[in-house]
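>>> A structural model of the following input is requested.
(chains A and B)
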Amino acid sequence: MLIFVVRRLGTMIMTMVVVSILLFLLLEINSSSVAIKVLGPYTSEEQRNLWLEAHGYFRPIYVRYFDWLGHFLIGDFGDSTRFKVPVGQMLWPRLANTGILGLATMLVVIPLSLALGVLAGMREGSKLDRTISVSSIVTTSVPEFASAVLLSAIFVYYLDLLPGTSAMSDGFSLVQLILPAMVLVIYDFGYVTRMTRASMAEVMTTHYIRTAVLKGLPYRTVIMRHALRNALIAPFTVIMLQINWLLSGVIVVEFYFAYKGFGALLLEASLNQDLFMIEACAMVAVFVAVATQTIADVGYTYLNPRIRFA
Amino acid sequence: MVEQAIPLQRRESRILRLLKGVALIRESVVGMIGLTLIVIWVTAALFADVLAPFPPNETIMPMAAPGSEAPGGGVFWLGTDHIGRDILSRIIYGSRRVLTFAPLATLCAYAVGIPMGLAAGYRRGRTDDILSFIANVILSFPVLVLYVIIIATIGASAVNILVAVTFASAPGIFRIVRGLALDLRNREYVFAAETRGESPWRIMMIEILPNARGPLIVDACLRLGYVIITIGVLGFLGLGLPPPDPDWGGMINETRQMAMSFPHMTIFPGIAISSLVLGFNLLADGLREVSLRD
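Sure thing, here's the model as predicted:
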């Protein structure tokens, strides 16, 4: 087990290194375009060269990469070219906001999709199963921006119940969190539900469940004590991997609702060619994604007794 | 008694068998609903010139409500947008863009993903290690983060969007094909082909790939739906193809500031894209249901 964890962490670090190289090459291989992005298009060749000289851009690319990586590791991401403040100063509060949004979404998605998935998978092919399966397909078919539009038309325009933007300019407000979280829930719960259903349906066909039913245990006990414990291992992985999807979803949702989060920051940075901000955001996003994948793998191995004791 | 040769029954042609397999979809209600939705949109795209009541880019009357009369005769069934273009016509013409780009991009992704997946699954060893690592690195990006960075760096154009979609989707296809190839490479017909001395690529393409088609067709439907969402999202984020030609995601982006007063401008494009994606997802579900049955 320990060897597995160490090996998995090794893969994670290696992935991060490769991602950082790719990102660095994609964004910084052309040093003159870096100078244009940092200093603006209306600068003379001479100014740019002076800046490049001062910031060590005339060194070989691998030296620059290691220099960049070193600063990155100690949390020095450079200055935002657009806001002229250190990137970290903007990034961390935004990340915390997205964390709140993600947490709110997950708090709804996890119980909802597990319950629906178990109900559907319990009796495969039943009316209830078909209803849940089809409605989970329907909700995953609606892109986040379309459901954002539909929900805000209903709750903001027709019913006038909720605020249409979630900028939270007067401090944190739970009411403003509802719509963005709802959009993310609608898009994300379908997939987890279907995975839970598949896992539950598979468990229900196993011999030990048949034995439990045949020896006359009440159906409730069969489900609660025998089926659930095994059926919920796979959804654990799916839920962890869902965080990766959530990071994509927040870009759309935060943009639409003007929520001051990480996704909106990344999008703004990309649209404005805010180089160091893009790098920091991308690395943070990939780190979160890779870390959750690692946790998912390790957790799956730990939860699954067949692997744990092998 | 004279021994008689029993004539072998002629096998039906490949195409006929494939069509028969596809025709099984009639048995799935869900699949048929999906297929209907897709057929509706394909018809709309093909006959946009006839079906659309107004030219898609012409300014006629700004901010008309759905169902209001047009000044020169005719009705704005879904209203007009902020600069007076008929929304129904724009949605109908917009289906052209979606239904050319999404299949094209998906096809490109498969063209890259399939050979790599076959190679990794059939050859295994070092080829597999290297390709799998590359795929894992790309898949470790949250997918929209990848799109936003790529498009923002190389710019938004038709070719660049195709490149970005291929780059981001091919690893997923790679994984599926690799898994299928790992399983199929141990079949007897592959051993037979190896004994005959056929080349590895012939074996991969002629022996393995056709036998992996079932799961791949289902995956293609799901992926097509997802690529449609992606193209819509890029348009919505302002990273899509440049105006004025109608783009469903772009239509929502252009009018979302006014959605609080004129919700029809954003709702209808939203419904359009959702129904098309739903069509592909339902079709995929129906195909899977039918293929599991026998």
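>>> in stretch B:78-95, what's buried?
B:78-81, B:85-95 (16 or more other Cβ atoms under 10 Å in any protein chain shown). The way it works is simple: take the backbone N, C-alpha and C, and place the C-beta from them, glycine included.
>>> which of those fall in helices?
Among these, the members found in helices (DSSP state H) are B:87-95.
>>> which of the three states applies to the closest residue in space to A:Phe155 that isn't next to it in sequence?
Once flanking residues are discounted, A:Phe155 sits nearest to A:Leu162: 4.5 Å by Cβ to Cβ, 6 or more residues apart in numbering or on different chains. Assigned with DSSP: H, G, I helix; E, B strand; the rest coil, A:Leu162 falls in the coil class.
>>> do stretch B:72-87 and chain A meet at all?
No - Stretch B:72-87 is not in contact with chain A by Cβ under 8 Å from any Cβ of the partner chain; minimum separation 13.1 Å.
>>> hey, where'd the strands end up in the stretch 1-150 of chain B?
For the stretch 1-150 of chain B, the strands defined by DSSP state E, counting those that start in this stretch cover B:68-69, B:75-76.
>>> let me redo that: the stretch 201-310 of chain A
Under DSSP E, counting those that start in this stretch, the stretch 201-310 of chain A gives no strands.
>>> how about the residues of it by chain B?
A:244-245, A:247-249, A:251-252, A:255-256, A:266-267, A:270-271, A:273, A:278, A:281-282, A:285-286, A:288-290, A:293.
>>> wait, B:Ala259 sits on A:Ser152?
Yes - counting by Cβ atoms under 8 Å, B:Ala259 touches A:Ser152, with 6.6 Å between them.
>>> now the common contact residues for those two.
Common contacts of B:Ala259 and A:Ser152 (Cβ atoms under 8 Å, 6 or more residues apart in numbering or on different chains): A:Gly164.
>>> neighbour count: those two, which is higher?
A direct count of neighbours by other Cβ atoms under 10 Å in any protein chain shown for B:Ala259 and A:Ser152 places A:Ser152 higher, at 26 against 22.
>>> so what pLDDT did the residue nearest to the more buried one when sequence neighbours are not counted get?
Leaving aside its chain neighbours, A:Ser152 sits nearest to A:Gly164 (5.4 Å; criterion: Cβ to Cβ, 6+ apart). On the pLDDT scale, A:Gly164 is placed at 75.
>>> now do B:Leu283
At B:Leu283, the pLDDT recorded in the model is 91.
>>> count of neighbours near it?
27.
>>> centre of the chain to whichever strand or helix holds it, how far?
If you go by DSSP states H and E, B:Leu283 is part of helix B:264-293. Relative to its chain's centre, helix B:264-293 lies at 11 Å (Cα atoms, centre = their mean, to the nearest Å).
>>> list the buried residues of that helix.
In helix B:264-293, counting by 16+ other Cβ under 10 Å, buried: B:264-290.
>>> look at the residue nearest to A:Ser152 and say how many residues are nearby.
Neighbours of A:Gly164 (other Cβ under 10 Å): 17.
>>> next: A:Asp170.
7.
>>> that one belongs to a helix, doesn't it?
No - applying three-state DSSP, one finds A:Asp170 to be coil, outside a helix.
>>> show me what contacts it?
Contacts of A:Asp170 by Cβ under 8 Å, 6+ apart: none found.
>>> can you check the pLDDT for it?
At A:Asp170, pLDDT is 72.
>>> any idea how far chain B is from it?
From A:Asp170 across to chain B, the span is 19 Å (Cβ to the nearest Cβ, to the nearest Å).
>>> what is the neighbour count of the closest residue to A:Ser248 other than its chain neighbours?
Counting by Cβ to Cβ, 6+ apart, A:Ser248 lies nearest to B:Leu144, which is 3.4 Å off, once chain neighbours are set aside. Residues lying near B:Leu144 (other Cβ under 10 Å) number 25.
>>> hmm, A:Val252 and B:Leu144 touching each other?
Yes - here B:Leu144 lies in contact with A:Val252, judged by Cβ under 8 Å, at a distance of 7.3 Å.
>>> who touches both of those two?
With Cβ under 8 Å, 6+ apart as the test, B:Leu144 and A:Val252 both reach B:Val233.
>>> now the nearest residue to B:Thr36 once chain neighbours are set aside: how far from B:Met116?
Nearest-residue entry for B:Thr36: B:Gly279, 7.6 Å, with adjacent residues in sequence omitted and distances by Cβ to Cβ, 6+ apart. From B:Gly279 across to B:Met116, the span is 29 Å (Cβ to Cβ, to the nearest Å).
>>> quick check: mean pLDDT of stretch B:106-121?
Mean predicted confidence for stretch B:106-121 is 93.
>>> output that stretch as CSV, nothing but the C-alphas.
Extracted C-alpha coordinates of stretch B:106-121, given in CSV (Å, rounded to 0.1, in the frame of the first residue of the first chain):
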residue,chain,number,x,y,z
THR,B,106,-15.0,14.8,-33.6
LEU,B,107,-13.8,13.1,-36.8
CYS,B,108,-10.4,14.8,-36.5
ALA,B,109,-10.2,13.6,-32.8
TYR,B,110,-11.0,10.0,-33.8
ALA,B,111,-8.4,10.2,-36.7
VAL,B,112,-5.8,11.0,-34.1
GLY,B,113,-7.1,8.9,-31.2
ILE,B,114,-7.8,5.6,-33.0
PRO,B,115,-4.3,4.9,-34.5
MET,B,116,-2.6,5.9,-31.2
GLY,B,117,-5.0,3.7,-29.2
LEU,B,118,-4.6,0.8,-31.5
ALA,B,119,-0.8,1.1,-31.4
ALA,B,120,-0.7,1.3,-27.6
GLY,B,121,-3.2,-1.6,-27.1
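>>> now do the buried residues in it.
Buried residues in stretch B:106-121 (16+ other Cβ under 10 Å): B:106, B:108-110, B:112-121.
>>> and B:Pro7, how many residues sit next to it?
Count around B:Pro7 with other Cβ under 10 Å applied: 6.
>>> and it, its phi and psi?
phi -70, psi 130 (degrees, to the nearest 10).
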